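K.L.:
Here is my input, please return the structure:
(one chain, ligands or ions: 2)
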Amino acid sequence: MSSESASEKKERSADPASRKVLEQAAARGIETAWDRFQAQQPQCRFGMAGICCRICHMGPCRARGNLTGVCGATAETIVARNLVRMIAAGTAAHSDHGRDVATTLLAMAKGEAKDYSIKSEKKLRALAAEYGVQTQGKDSRKIAAEVAEIALAEFSKPEGVQRFLKRAPKRRQERWRELGIEPRAIDREVVELMHRTTMGVDNDYHNLLKAGMRAALADGWGGSMIATDLQDVLLGAPEPLRAKVNLGVLKEEWVNLVIHGHEPLLSDMIVEASLDPELIALAKEKGAAGINLAGICCTAAEVLMRRGVPSAGHFLQQELAIATGAVEAMVVDVQCVMPSLPKVASCFHTKLITTSPKAKFPGVEHIEFDEHRALEVAKRIVRKAIENFPNRTPEMVDIPKETMDVVAGFTADYVYRLLGGRFRPSYRPLNNAIIEGRLRGVVGVVGCTSPRYVSDSGHIDMVKELIRNDVLVVQTGCAATACGKAGLLRPEAAFEYAGKGLQEICEAVGIPPVLHCGACVDNSRILIACCEMVAEGGLGEDISDLPVAAAAPEWMSEKAVAIGMYAVASGIYTVFGHALPVSGSDHVNQYLTEEIEKEVGGKWAFEPDARRAAEMIIDHLNRKREALKLKPMMYPPAGEKVAVPV
Ligand code: BF8
Ligand code: SF4
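P.N.:
Residues are numbered from 1 along each chain as shown. Ligands and ions are numbered 1, 2, ... in the order given. Below is the predicted model of the structure:
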C-alpha cells in the first residue's frame, strides 16, 4: 500500500465514481494500478528514453552520446529497434484478433460453429465484391467461406500486398508504393520486424522505422480492418443506440457478470446466454433479481455498440469494478487484462475466469472458449456467475451511483447515411460543412487511460477544447468511455460544450458532438471515413490533405504505438500525451516529429498537457484549411477555454 493520503487519491481520476471506489479500496488495503504506479517512481530514465537494450546477453546495455552497446549499437539503433518492436507487438495483438474472427467466420460457413450466423448480409456481399468473389447462384454460407479464406490468406500469403490498401485514395497508394511501405502478408511484417531487430541485423534507424511503418500499416489496413469488417458480418454492423456507462451500471440486487478483454466472439454469446430463461430462473432461485452484464475495456465497446450492454468502465476501472464487491464473475479473454486481477478478486467473492488458451493466470479457473460450442461455453460461464451470487458478502458491496447516458454505434457507413439523410446518402454534407467553415475538421481522440495522468482528464479536456472550436470528434476504446462518463457522448453535449457550427450540425442530424465508433480495432472505421471524405471531393486528393488529426492523450499500450504509427503513415498528424520512448535519440525524435512528414504527409507530436495538445491540433487543422483555401470559420469558438488540468 502506498502511504498517500486520501486527499491525494482524489486527484487520481476526474471521475467521481472511480475516486469513490479508490478511497474504498484504500480503506480496505486493496492495491490498485495507481498505488503500484506510485511505488514505481522514479521510473527508469533509460527505459523512458528508449536507450536500454536487452536484445542479446552481452547486455543489457544502454547507449548515449559516444557510449554504445557492447556490440557497438548506437542510441539511434537501440531507440528505433525498441520502438518498432512495440509496433510488432501491437500489430500482432490486433491482427491475431482479426485472425480469430476470420477463423470463426469460416467455421460458421462450414456449419461447424452453429451458434453463429451471418448477421450482415449487406456487409458480406460488399466484401465479396471487393475480394472478387463470385456471388451469383451461391448461397450466403458459400460466399462467407470464400470471403473468410481470402481474409485468412491476408495473414500469410506468400506474395502480394494487403488487399484493403485499395480502399485508400490513389495518391496515398502511390506514396506507399514509392516508399516501399505497402504491407505484404501481416505475419510476414511482424516476423520481419522481429528479425531486423535481433542482434546484429538492421542498424539504420531510418530503415528500421520504415519497416515499422509498413508493419503498422499491416495492422490498420490489414489485421484491424479485417477484425472490424468480419465482426460486422458475424455479429452485425452497429447502428446508433443509447446505452449507459460507468461503475453505477453494476446492480446491487442482481448477478453481476463483467466481460473484459477484446474479442467479442465469446462476449456476444454471453449476452445471448444471459437471456436464457432457464438461467434467469436460476438467478432468481439464488435470490437475485436477474442477470446483469457489464463490459470493461474494448469488449465493453464491442457489446455496447452492437447489443447496448452497459460499460462498467475503461482499462483503469477493471480493478475498481471488482472492488465494488458486487461482481460475481469477471470473464476475460485477451489484452489489457491486468495481472493484478486475481489478487483484487481474492479480497471478495468474485470469480475470475480466463477463456483464451493464450491468456491464463496461475491458479485461476479456466473455461476455454471454443467457437464450435460457443453458446454452451457461454452458458457455463453465466451459470458459474449465478452460482456465486449467494457467496456475496452484502456488507462488502458498495456500488457508486454514477452512470451516464451515451449514444454509440457510429460506423463509417452509418455516418455517411446519417449526415446525408435517407434520400441523399453521401459524405457531401460533412465535406460541405468543412468547406463552408461550419466545421473546422474531424479529429479521432482514441486510446488508453493511464495512472500517469489524472485519469480521464486528458481525454475530457482535449475533447471539450476541440468541440468548442467546431471540431467533430470521433472516438474508440477507452477514450470513448472516458468521455462517455463525462457526458460528452450525449446529443445534449452539443449545446453545453460545442461551438455554434458543430452545434448546428448536431442539431440538424440528431448526433452528439463526439461519436463513439467502437473498440480500438475499429480505428479502421476512422481510416475509411477519411477515405470517403477524400473520395467525396473538395478536400484535396489524399488523407494528408484533409483537416483531420488523431490523438491519444493517455496512451500506454504497444497497440497504441502501432495505431499511432499507421495513422501517421496514412498521412495523419498524430499527437500523443507522454512522448514515445525515443528521447534518447535526437535523430529518431526529429525524424518522427518532423522529417517523416515529407515522406508520408503525417507526423508525430508529443504534448502531455491536453489543452495545449488540442491547441496544436487546432493550429494544424487551420493550416490544412489554409492550404485547401477553404472559407474562414463561420463562428468564433464557443465559451471559455478549458482550464489547465490539475
Ligand atoms: O485496445 S484503449 S487500454 S482496452 S489498448 Fe487497452 Fe488502450 Fe483501452 Fe482496448 Ni486499446
Ligand atoms: Fe548490448 Fe548490442 Fe546485445 Fe543490445 S544487442 S544487449 S546493445 S550487445
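K.L.:
pretty sure R307 is in contact with I270, am I right?
P.N.:
No - with contact defined as C-beta atoms under 8 Å, R307 does not count as touching I270 (10.0 Å). For every residue, glycine as well, the C-beta is placed using N, CA and C.
K.L.:
Look at those two and report which has more neighbours.
P.N.:
Comparing R307 with I270 by other C-beta atoms under 10 Å, the one with more neighbours is I270, at 28 against 22.
K.L.:
Sticking with the closest residue to that one other than its chain neighbours, tell me its helix or strand.
P.N.:
Nearest non-adjacent residue to I270, counting by C-beta to C-beta, 6 or more residues apart in numbering: A378, 4.6 Å away. According to DSSP states H and E, A378 maps onto helix 374-388.
K.L.:
Return the residues in contact with the residue of the stretch 501-646 of the chain at minimum distance from ligand 1.
P.N.:
Nearest residue of the stretch 501-646 of the chain to ligand 1, counting by C-beta to the nearest ligand atom: C520, 3.2 Å away. Counting by C-beta atoms under 8 Å, 6 or more residues apart in numbering, C520 touches 94, 224, 262, 298, 446-447, 476-477, 559-560, 563.
K.L.:
and it, how far is that from A378?
P.N.:
Distance of C520 to A378, given as C-beta to C-beta, to the nearest Å: 23 Å.
K.L.:
Let me know whether V415 touches A529 as I believe.
P.N.:
Yes - counting by C-beta under 8 Å, V415 touches A529, with 6.3 Å between them.
K.L.:
ok, A39 - how many residues close by?
P.N.:
Neighbour tally, A39, other C-beta under 10 Å: 10.
K.L.:
Just want the phi and psi numbers for it.
P.N.:
phi -70, psi -20 (degrees, to the nearest 10).
K.L.:
tally of neighbours for T228?
P.N.:
Other residues lying near T228 total 26 when counted by other C-beta under 10 Å.
K.L.:
Tell me the helices and strands packed up against whichever strand or helix holds it.
P.N.:
T228 is located in helix 224-235, with elements delineated by DSSP H and E. Applying 3 or more C-beta pairs under 8 Å, 6 or more residues apart in numbering; DSSP states H and E, we find helix 224-235 packed against helix 75-109, helix 121-131, helix 140-156, helix 264-274, helix 297-307, helix 523-536.
K.L.:
now the angle from the second one to helix 224-235?
P.N.:
Between helix 121-131 and helix 224-235, the angle formed by their directions is 140 degrees, by axes from the mean of the first three to the mean of the last three C-alpha atoms, to 10 degrees.
K.L.:
pLDDT of helix 121-131, averaged?
P.N.:
Averaged over helix 121-131, pLDDT sits at 97.
K.L.:
how about that helix: buried residues?
P.N.:
123-125, 127-128, 131 (16 or more other C-beta atoms under 10 Å).
K.L.:
These into TSV, with extra columns for distance to K598?
P.N.:
Shown next, in TSV, are the buried residues of helix 121-131 (distance: C-beta to C-beta, whole Å):
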residue	distance to K598
K123	37
L124	41
R125	41
L127	35
A128	39
Y131	34
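K.L.:
Show me where the stretch 201-350 of the chain has its strands.
P.N.:
Taking DSSP state E, counting those that start in this stretch, the strands of the stretch 201-350 of the chain run over residues 241-245, 255-260, 291-296, 311-313, 329-332.
K.L.:
Of those, flag the one that's most buried.
P.N.:
strand 311-313 (a mean of 34; mean count of other C-beta atoms under 10 Å).
K.L.:
Which strands and helices lie in contact with that one?
P.N.:
strand 241-245, strand 291-296, helix 297-307, helix 318-323, helix 477-485.
K.L.:
What lies in contact with that strand?
P.N.:
Strand 311-313 is touched from outside by 18, 243-247, 249-250, 258, 294-296, 300-301, 304, 320-321, 481, 484-485, with contacts defined as C-beta under 8 Å, 6+ apart.
K.L.:
Do any residues in that strand lie close to ligand 1?
P.N.:
No - Strand 311-313 stays clear of ligand 1 (C-beta under 6 Å from any ligand atom), getting no nearer than 10.4 Å.
K.L.:
begin at 38 from here
P.N.:
In the new numbering, first residue 38, that becomes strand 348-350.
K.L.:
what mean pLDDT does that strand have?
P.N.:
Here the average pLDDT along strand 348-350 is 98.
K.L.:
Which stretch among the helices and strands packed on helix 261-272 approaches V270 most closely?
P.N.:
Nearest of those to V270, taken as C-beta to C-beta: helix 158-168 at 4.8 Å.
K.L.:
quick one, what contacts the nearest residue to R204 once chain neighbours are set aside?
P.N.:
Spatial nearest neighbour of R204, excluding adjacent residues (C-beta to C-beta, 6+ apart): C568 at 5.5 Å. By C-beta under 8 Å, 6+ apart, C568 lies in contact with 204-206, 580.
K.L.:
Now, of these, which are buried?
P.N.:
Judged by 16+ other C-beta under 10 Å, buried ones among the contacts of C568: 204-206, 580.
K.L.:
just curious, which of the buried residues of helix 158-168 is nearest to ligand 2?
P.N.:
Distances from ligand 2 to the buried residues of helix 158-168, taken by C-beta to the nearest ligand atom, are shortest for Y168, at 42.0 Å.
K.L.:
Would you quantify the distance from the closest one to E229?
P.N.:
Relative to E229, and taking C-beta to C-beta, Y168 is found at 25 Å.
K.L.:
ok, now C93?
P.N.:
To E229, C93 is 19 Å away according to C-beta to C-beta.
K.L.:
Okay, and T611 sits in which element?
P.N.:
In this assignment (DSSP H and E), T611 forms part of strand 610-613.
K.L.:
Now do the buried residues in the helix or strand following that strand.
P.N.:
Per DSSP H and E, the first helix or strand lying C-terminal to strand 610-613 is helix 623-627. If you call a residue buried by 16+ other C-beta under 10 Å, then helix 623-627 has these buried ones: 624-626.
K.L.:
for stretch 285-305, same thing?
P.N.:
Buried residues in stretch 285-305 (16+ other C-beta under 10 Å): 285-289, 291-305.
K.L.:
For the most centrally placed residue in the chain, which non-adjacent residue is closest in space?
P.N.:
Nearest to the centroid of the C-alpha atoms of the chain, with distances taken as C-alpha atoms, centre = their mean, sits C557, at 2.0 Å. Counting by C-beta to C-beta, 6+ apart, C557 lies nearest to G514, which is 4.2 Å off, once chain neighbours are set aside.
K.L.:
same question, M236
P.N.:
Leaving aside its sequence neighbours, M236 sits nearest to C93 (C-beta to C-beta, 6+ apart; 4.0 Å).
K.L.:
Quick check, that neighbour in contact with T234.
P.N.:
No - between C93 and T234 there is no contact under C-beta under 8 Å: 11.2 Å.
K.L.:
So for the two, which sits in the more crowded spot?
P.N.:
Set side by side, C93 and T234 show more neighbours around T234, with 23 against 15, by other C-beta under 10 Å.
K.L.:
residues in the stretch 188-337 of the chain within reach of ligand 2, list them.
P.N.:
M236.
K.L.:
residues in contact with A470?
P.N.:
So A470 contacts 476, 538, 542 (C-beta under 8 Å, 6+ apart).
K.L.:
Those also near ligand 1: which ones?
P.N.:
Restricting the contacts of A470 to those touching ligand 1 (C-beta under 6 Å from any ligand atom) yields no residues.
K.L.:
Show the pLDDT at the residue in the stretch 488-637 of the chain positioned nearest to ligand 2.
P.N.:
When scored by C-beta to the nearest ligand atom, the stretch 488-637 of the chain has G621 as its residue closest to ligand 2, at 12.4 Å. For G621, the model assigns a pLDDT of 97.
K.L.:
Was I right to think it contacts A110?
P.N.:
No - the pair G621 and A110 fails to qualify as a contact (C-beta under 8 Å) at a distance of 11.9 Å.
K.L.:
so what sits against both of those two?
P.N.:
Both G621 and A110 are contacted by A100, under the criterion C-beta under 8 Å, 6+ apart.
K.L.:
tell me the domain boundaries of this protein?
P.N.:
As given by automatic domain parsing, the domain ranges for the chain are 43-99, 112-272, 284-433, 446-664.
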